[in-house]
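1. Here's a sequence, model it:
(2 chains, ligands or ions: 2)
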Amino acid sequence: MSNATTQKFKGTPGQIRNARIERAGAIVIGAIALVWILANIIKSPEQFAQVTVLGLRNGLLYALIALGYTLVYGIIELINFAHGDLFMLGTLFSSYFLSVWLKQQNSSPTGWAAFAACLLLVMVFGAVINVLIERLAYRRLRNAPRLAPLITAVGMSFLLNFIGLKWNGSTPRQWPTVIPSFDVHIFGVRINMVTIILFFIGVPLLLGLNFIVNKTKQGKAMRATAQDKDAAALMGINVNKTIAFTFALGGAMAGAAGLFYQQAIGTTNYNLGFQLGLIAFTSAVLGGIGNLWGAVVGALLIGLIQGLNDGLPIALGQQWSQSVVFTILIIILVFKPAGLLGKVTTEKV
Amino acid sequence: MSTMLDVKNIEVAYGKIVAVKDVSLTVNKGEIVTLIGSNGAGKSTTLRTISGLIKPRSGEILFEGNRIDGVPGHDIVGMGICHSPEGRRIFPRMTVRENLELGAFLRNNKAEVAADFERVLTLFPRLKERVEQRAGTMSGGEQQMLAVSRALMGSPKLLLLDEPSMGLAPVLVEMIFETITKIREQGITILLIEQNANAALEVADRAYVLESGNVKMSGKATDLRKDDAVTKAYLGH
Ligand SMILES: Nc1ncnc2c1ncn2[C@@H]1O[C@H](COP(=O)(O)OP(=O)(O)O)[C@@H](O)[C@H]1O
Ligand SMILES: [Mg+2]
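-> Ligands and ions are numbered 1, 2, ... in the order given. Just a heads-up that it's a prediction; the model follows:
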């Protein structure tokens, strides 16, 4: 038997060329980013560390919101335009709960208890509102042509916006931080306690969500429903309940993000949902919509890029913030149309 | 012989399109009953109605004496009706193992589920080598075996099979039909839809012939195989 040299098939000439272009593009972009970051680190290392932490904190906030977009898209292929506005209602709920109903006007040790109670309640609040939206608006349109639920989602966004306008008023409002707020110095970097808390609660939330989706029976039902609703029903999965559960998860995350934003930034406005929602949605697309870790990676990346661009000595500065983010989004999507972690799925029919 | 499934005069529509006009059929415990008929006759719709994916406009469905029309699909599985649907409908992005686990979604007895897992892999040894493979990357025949296995993982009393031989190579078709006989020997009652009427009538005890949403003929499989009209229309000789 002859032992012919076996050559591994690497793709058609076109695919090979595309892969080369992709690699070359990644190297060029990576090199530019590296030079830029090095220049800044050399110029001012403390400031670099500072803005990195802030960027990642914002990225974490975006991630909590982005997960709601990606979860819902993953299961019913709907871009839930109202999701950003749900987050905005979360900021208002937190503000009223803490400073109006519990009358917490400044940082104090009792703030911890208020904060913990608020976290729980705002997550329930977000979950309930999101489930109601699905139940009342989206469910009956599940088998309608794609545009119908999409337009309904836009309408729902306006509705929540209007509620926000009535609740908050038309101008931005300032709210106090209620948990003890002091600076912690780590390796010469000044980090606010609120930021640390955000990491200590936000990261477990992300991990917990991932655990639910990938390791529990509910999660298995979600993944099956996402792939084929009729087949899922034939397995004994209650499809309606599973979709409602997915909305509840996304809503709870948006609620938590609302509290974190309110405590970290301190300003609420009725149109916050649009600004943050757009960035969070972009994060989800950047990471590969429908992919949980994709949303997290996309959000952290956007938060980080924004942070660096807005706060570094050598950078374009805040007025270019959105432009920089979207330019990078476009570049990445040109090379990777399905997003960073999304896969262009080729499935046998 | 006790009646397991009793479908009484169901009418089923998709919006304005009436897919099933008047279908009545019974399946007795331990039988293999087949539904044959040309494309669009309403066979799949009948099965989808039995498993609760669609509600009939009128008529009744009784399973072990209880009304099940109007019961949602996810509750019907728990009663012991498992459905391997037309076009396989496996979960393509999940592994063979995950697909089989989903087949047992409602079952809580881990030991029994594990035993059934081994049992279906003995029935389809081809799947055994592929338990960790993503289902969507398997061949059509393997996917079909998975669809049948997944339905078996629900521990059915009544197994609904919608065209299990569709698109398969002749060797595999033969193998699928052999397996259907083996499944019956394990005490599972089967309602089978087939395009391949010849093979279906060979394994079945009784058959119903559907035409444009109505039962046109029914009887013992051996009798129908000799029937001139059936031979001409469906057996092609
Ligand atoms: N989802 C659907 N929407 C509208 N019409 C359908 C749908 N599914 C099937 N039909 C129609 O119902 C009739 C019966 O279809 P079906 O039950 O699939 O037949 P069979 O399985 O015997 O080939 C056909 O005329 C088909 O076009
Ligand atoms: Mg059919």
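
2. what's the burial count for the residue of the stretch 101-250 of chain A found nearest ligand 1?
-> The nearest approach of the stretch 101-250 of chain A to ligand 1 comes at A:N143, 9.5 Å away (Cβ to the nearest ligand atom). C-beta: built from backbone N, CA, C; applies to glycine. A:N143 sits with 8 neighbouring residues when counted by other Cβ atoms under 10 Å in any protein chain shown.

3. And the strands in the chain, which stretches?
-> The chain I'm using is chain A. Taking DSSP state E as the test, the strands found in chain A are A:173-174, A:183-186, A:189-192, A:267-268.

4. sorry, should have said chain B
-> Under DSSP E, chain B gives strands at B:3-14, B:17-28, B:32-36, B:58-63, B:66-67, B:81-84, B:158-162, B:189-193, B:206-211, B:214-220.

5. closest to ligand 2 out of the strands of chain A?
-> Among the strands of chain A, the nearest to ligand 2 by Cβ to the ion is strand A:267-268 (55.7 Å).

6. for that closest one, packing partners?
-> Counting contacts by 3 or more Cβ pairs under 8 Å, 6 or more residues apart in numbering or on different chains; DSSP states H and E, strand A:267-268 packs against helix A:83-95, strand A:173-174.

7. average pLDDT across the longest helix seen in chain B?
-> Counting by DSSP state H, the longest helix found in chain B is helix B:170-185. In this model, helix B:170-185 carries a mean pLDDT of 93.

8. what does it rub up against?
-> B:30, B:32, B:123-124, B:141, B:144-145, B:148, B:152, B:159, B:161, B:164-165, B:168, B:190, B:192, B:196, B:199, B:202-203 (Cβ atoms under 8 Å, 6 or more residues apart in numbering or on different chains).

9. Repeat that for stretch B:85-92.
-> Contacts of stretch B:85-92 (Cβ under 8 Å, 6+ apart): A:223-224, A:227-228, A:230-231, A:234, A:345, A:347-348, B:44, B:47-48, B:98-99, B:102, B:134-136, B:140, B:143-144, B:146-147, B:150, B:162-163, B:166, B:193.

10. what number of residues lie near the residue nearest to B:M217 when sequence neighbours are not counted?
-> What sits nearest to B:M217 in space, not counting adjacent residues and going by Cβ to Cβ, 6 or more residues apart in numbering or on different chains, is B:V209, at 4.2 Å. Each residue near B:V209 was counted by other Cβ under 10 Å, and the total is 23.

11. Correct me if wrong: B:V209 contacts B:A221.
-> No. In this structure B:V209 lies outside contact range of B:A221 using Cβ atoms under 8 Å: 11.0 Å.

12. center of chain B - which residue?
-> Centrality entry for chain B: nearest residue to the mean C-alpha point is B:L161, 1.6 Å, by Cα atoms, centre = their mean.

13. per-residue pLDDT, it?
-> 97.

14. where does the stretch 201-349 of chain A come near chain B, residue by residue?
-> Contact residues, the stretch 201-349 of chain A versus chain B (Cβ under 8 Å from any Cβ of the partner chain): A:217, A:220-221, A:223-224, A:227-228, A:230-239, A:345, A:347-348.

15. how near is the residue in chain B positioned nearest to ligand 2 to B:G103?
-> Ranked by Cβ to the ion, the top residue of chain B for proximity to ligand 2 is B:S44, at 3.1 Å. Separation of B:S44 from B:G103 (Cβ to Cβ, to the nearest Å) stands at 20 Å.

16. Next: A:L234.
-> For A:L234, the distance to B:G103 - Cβ to Cβ - is 9 Å.

17. what residues are shared contacts of the two?
-> By Cβ under 8 Å, 6+ apart, the residues touching both A:L234 and B:G103 are B:82, B:151.

18. and A:M235, what does it touch?
-> With Cβ under 8 Å, 6+ apart, A:M235 has these contacts: A:224, B:74, B:77, B:102-103, B:105-106, B:150, B:154.

19. Can I get the buried part of those as one ChimeraX selection?
-> Only the buried entries of the contacts of A:M235 go into this ChimeraX selection, using 16 or more other Cβ atoms under 10 Å in any protein chain shown:
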select /A:224 /B:74,77,102,103,105,150,154
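
20. from the contacts of A:M235, which two are the most distant?
-> Largest separation among these by Cβ to Cβ: B:H74 and B:R150, giving 15.0 Å.

21. follow-up on the earlier one: what values do phi and psi take at the residue of the stretch 101-250 of chain A closest to ligand 1?
-> Backbone geometry at A:N143, expressed as degrees, to the nearest 10, gives phi -100, psi 10.

22. residues in contact with it?
-> Under the criterion of Cβ under 8 Å, 6+ apart, A:N143 has no contact partners.

23. Could you do the one 5 residues further on as well?
-> For A:A148, the residues meeting the contact criterion (Cβ under 8 Å, 6+ apart) are A:L141.

24. Any idea how many residues pack against B:E64?
-> A total of 16 residues lie near B:E64 under the criterion other Cβ under 10 Å.

25. mind checking how far it is from B:I76?
-> For B:E64, the distance to B:I76 (Cβ to Cβ) stands at 12 Å.

26. wait, A:T282 sits on A:G303?
-> No. The pair A:T282 / A:G303 is not scored as a contact, 11.3 Å apart, by Cβ under 8 Å.

27. more neighbours, the two?
-> The neighbour comparison of A:T282 against A:G303 (other Cβ under 10 Å) goes to A:G303, with 24 against 21.

28. can I assume the more buried one is in contact with A:N58?
-> Yes. Judged on Cβ under 8 Å, A:G303 makes contact with A:N58 at a distance of 4.0 Å.

29. So A:G219 versus A:N58, what's the distance?
-> Plainly put, A:G219 is 28 Å away from A:N58 if you go by Cβ to Cβ.

30. So for these two, which sits in the more crowded spot?
-> A:N58 (25 against 19).

31. Can you point out the buried residues in stretch B:212-229?
-> Within stretch B:212-229, the residues scored as buried using 16+ other Cβ under 10 Å are B:213, B:215, B:217-218, B:221, B:224-225.

32. Next, format these as JSON lines and append distance to A:R173 and pLDDT.
-> Converted to JSON lines, the buried residues of stretch B:212-229 look like this (distance: Cβ to Cβ, whole Å; pLDDT from 0 to 100):
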{"residue": "B:G213", "distance to A:R173": "64", "pLDDT": "96"}
{"residue": "B:V215", "distance to A:R173": "70", "pLDDT": "96"}
{"residue": "B:M217", "distance to A:R173": "76", "pLDDT": "93"}
{"residue": "B:S218", "distance to A:R173": "74", "pLDDT": "95"}
{"residue": "B:A221", "distance to A:R173": "77", "pLDDT": "94"}
{"residue": "B:L224", "distance to A:R173": "78", "pLDDT": "91"}
{"residue": "B:R225", "distance to A:R173": "81", "pLDDT": "88"}
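
33. can you tell me which of those lies nearest to ligand 1?
-> Distance to ligand 1 across the buried residues of stretch B:212-229 (Cβ to the nearest ligand atom) is lowest for B:G213, with 7.1 Å.

34. Excluding chain neighbours, give the residue nearest to A:K217 in space.
-> Per Cβ to Cβ, 6+ apart, closest to A:K217 is B:F105, 7.6 Å.

35. Now do the one you found against B:R88, distance only.
-> Applying Cβ to Cβ, the value for B:F105 to B:R88 is 18 Å.

36. With A:D228 instead?
-> From A:D228 to B:R88 the distance is 10 Å (Cβ to Cβ).

37. go on, B:K220?
-> For B:K220, the distance to B:R88 equals 30 Å [Cβ to Cβ].

38. what's the answer for B:I183, then?
-> According to Cβ to Cβ, B:I183 stands 17 Å off from B:R88.
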